[in-house]
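Student: need coordinates for the following:
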Amino acid sequence: MRRHRPEQPRLLFVMDPIERIHVAKDSTFAMLLEVQRRGWPAWACGLEGLYLTDGVPRAQVRSLRVFDDPTHWFEAGEMEDLALAEFDVIFMRKDPPFDSEYLYATLLLDLAQVQGALVVNDPQALRDCNEKLCTAWFPQCCVPTLVTRDVSRLLSFVRSQGAVVVKPLDTMGGESVFRIQDGDPNTNVILETVTRHGTRTIMAQRFIPEVSQGDKRILLIEGRPVPYALARIPPAGEARANLAVGGEGRGVALSERDRWICAQVGPELRRRGLVFVGLDVIGDWLTEINVTSPTCIRELDRIYHLNIASQIMDAVIQRLRARAQGGDP
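Tutor: Presented below is the predicted three-dimensional model:
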């Protein structure tokens, strides 16, 4: 295995195919641009490139050069077969769904971390921190919430709350998210569909009317917030604010309540090795904690002339130095 150098790290990005990313919005691409600006070598692979042989996790990888050009944003080298421990840092940036293949990948990345690589975010934390369920660690920050696959229990929750949002636990981008109003004649079929007739556990949260003012994405780096959020405004006739379904992104400064929520959740997330996290906050309430592939870097950078990826890389260097010295970051 190579001798690691914290000041000139070799990085691997486990990600969706770079050929299909939207460069104007992709946060992984923002990180790649910053890595290249610093002169650090970077490679990429997908989940399909990861494998294990005789206790050694390896990957089929390609080196990358990137360009901030929507018509020609990358050039890739020839395929190489490398041990994951050859990399100083591995960014796990594969989008959900968090399915069995994603789970197996985190187990291979656990081994890579044992053998010397720093994995961001920590693989154990990725398994432990379901992006919907881990809001339960911070009930003081959340509206009334129910997690179940029992349709009768969900019906009672709808009646008690008046209006709720229901969603699966393993998707992203507003997929299969429904708003239900008490008395809606479609309630039963919605719940049967989302729970797959009572065979899939889902989350129900009291509907927060302030979503019309924006579902805020707050970015945390080592538990500390970027001072601005991207408020995603739902399009007309749509209950969901996700950019993936046409939401409009507007920059907003963090409120006092936003900072309070960050202070509640940040230290615990950092303790678990979650270096880069995206909180979803509607009104005064935390709704999700995004740990797999948080986004909105590029939008906030453009609006406020920031370089959020640089802050992430600074945090990574600090962790590498701490590891080299045998201490905590």
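
Student: at which residues are the strands of the stretch 101-250 of the chain located?
Tutor: Shown for the stretch 101-250 of the chain, the strands assigned by DSSP state E, counting those that start in this stretch span residues 118-120, 145-148, 163-168, 178-181, 202-206, 215-221, 224-225, 228-233, 248-253.

Student: between these, which one is closest to Pro294.
Tutor: strand 215-221 (6.4 Å; C-beta to C-beta). Just so you know, the C-beta spots here come from the backbone N, C-alpha and C atoms, and that holds for glycine as well.

Student: JSON lines for the strands of the stretch 101-250 of the chain, including mean neighbour count and mean pLDDT?
Tutor: Formatted as JSON lines, the strands of the stretch 101-250 of the chain follow (neighbours: other C-beta atoms under 10 Å; pLDDT from 0 to 100):
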{"stretch": "strand 118-120", "mean neighbour count": "23", "mean pLDDT": "98"}
{"stretch": "strand 145-148", "mean neighbour count": "17", "mean pLDDT": "98"}
{"stretch": "strand 163-168", "mean neighbour count": "21", "mean pLDDT": "95"}
{"stretch": "strand 178-181", "mean neighbour count": "18", "mean pLDDT": "95"}
{"stretch": "strand 202-206", "mean neighbour count": "22", "mean pLDDT": "97"}
{"stretch": "strand 215-221", "mean neighbour count": "25", "mean pLDDT": "97"}
{"stretch": "strand 224-225", "mean neighbour count": "18", "mean pLDDT": "98"}
{"stretch": "strand 228-233", "mean neighbour count": "22", "mean pLDDT": "95"}
{"stretch": "strand 248-253", "mean neighbour count": "14", "mean pLDDT": "93"}
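
Student: Ile308 is nearest to which of these?
Tutor: strand 215-221 (6.4 Å).

Student: now the angle between strand 228-233 and the closest one, please.
Tutor: Going by axes from the mean of the first three to the mean of the last three C-alpha atoms, to 10 degrees, strand 215-221 is angled at 160 degrees with respect to strand 228-233.

Student: what lines up beside strand 215-221 in the sheet?
Tutor: strand 224-225 (antiparallel), strand 228-233 (antiparallel), strand 276-282 (antiparallel) (DSSP bridges).

Student: downstream of the longest one, the next helix or strand is which one?
Tutor: Just to be clear, that refers to strand 276-282. Moving toward the C-terminus from strand 276-282, the next helix or strand (DSSP states H and E) is strand 285-290.

Student: which stretches of the stretch 151-300 of the chain have low pLDDT?
Tutor: 173, 236-246 (pLDDT under 70).

Student: rewinding a little: which of the strands paired with strand 215-221 sits closest to Gly162?
Tutor: Using C-beta to C-beta, those put strand 276-282 closest to Gly162, at 16.2 Å.

Student: need the strands of the stretch 101-250 of the chain in a markdown table (columns: distance to Ser156).
Tutor: A markdown table is the format used below for these (distance: least, C-beta to C-beta, whole Å):
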| stretch | distance to Ser156 |
| --- | --- |
| strand 118-120 | 41 |
| strand 145-148 | 9 |
| strand 163-168 | 11 |
| strand 178-181 | 13 |
| strand 202-206 | 10 |
| strand 215-221 | 26 |
| strand 224-225 | 36 |
| strand 228-233 | 31 |
| strand 248-253 | 35 |
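
Student: hey, what's the closest residue to Val166 other than its chain neighbours bridged with?
Tutor: In this structure, Val166 finds its nearest non-sequential neighbour in Ala204, 4.7 Å apart by C-beta to C-beta, 6 or more residues apart in numbering. The partner list for Ala204 in beta bridges (DSSP bridges) reads Leu146, Val166.

Student: could you measure from Ala204 over to Val151?
Tutor: 11 Å (C-beta to C-beta, to the nearest Å).
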